[in-house]
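Visitor: what follows is a predicted protein model with its sequence.
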Amino acid sequence: MDALERIKKQVTDNPIIVYMKGTPDFPQCGFSARVVQALKACEAPFAYVNIFEDEEVYRALPKFANWPTFPQLYVKGELIGGCDITLDLYQSGELKKMLTEAVDKKAA
């Protein structure tokens, strides 16, 4: 399975997934740390991929959704965006609604 196929499977199999630098417990950039903080504050379970541990995904992900930077947050298979968009959605309350719906839909 090539990197683009793996990304597609990860995004499809996980209702909420973030591609980030590092891990939720040890983010390796401030942008990834802020996205993880917002996700944790919404209390929704999420998957993650440390892009530093998979160079093929690191190189292929910007092509997958035509988004050049990291982190990248996907909800229900759709790219939400990076740090700024995630934080804007969090501050408006939309992120929590979006994540709750994604988790509830998977449980149904």
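Guide: Structure's in. What do you need?
Visitor: how close does C29 get to M1?
Guide: 27 Å (C-beta to C-beta, to the nearest Å). The C-beta positions use only the backbone N, C-alpha and C, and glycine is treated the same way.
Visitor: out of these two, which sits in the more crowded spot?
Guide: Legend: neighbour count by other C-beta atoms under 10 Å for C29 and M1, higher for C29 (14 against 8).
Visitor: okay, the more buried one: pLDDT?
Guide: Predicted confidence (pLDDT) for C29: 96.
Visitor: for it, grab phi and psi.
Guide: The phi and psi values for C29, taken as degrees, to the nearest 10, are phi -160, psi 150.
Visitor: was I right to think it contacts K21?
Guide: Yes. With contact defined as C-beta atoms under 8 Å, C29 and K21 form a contacting pair (4.4 Å).
Visitor: doesn't L73 belong to a helix?
Guide: No. L73 sits outside any helix when classified using DSSP: H, G, I helix; E, B strand; the rest coil, being strand.
Visitor: which strand residues bridge it?
Guide: V18, G81 (DSSP bridges).
Visitor: going forward can the numbers begin at 19, since that is how I track them
Guide: I'll keep to 19 as the first residue from here, and by that count the last item is L91.
Visitor: neighbours of it, how many?
Guide: 26.
Visitor: any shared contact partners between C47 and K39?
Guide: F88 (C-beta atoms under 8 Å, 6 or more residues apart in numbering).
Visitor: tell me the span between the first and last residue of stretch 40-50.
Guide: Taking C-alpha to C-alpha, to the nearest Å, the first and last residues of stretch 40-50 lie 8 Å apart.
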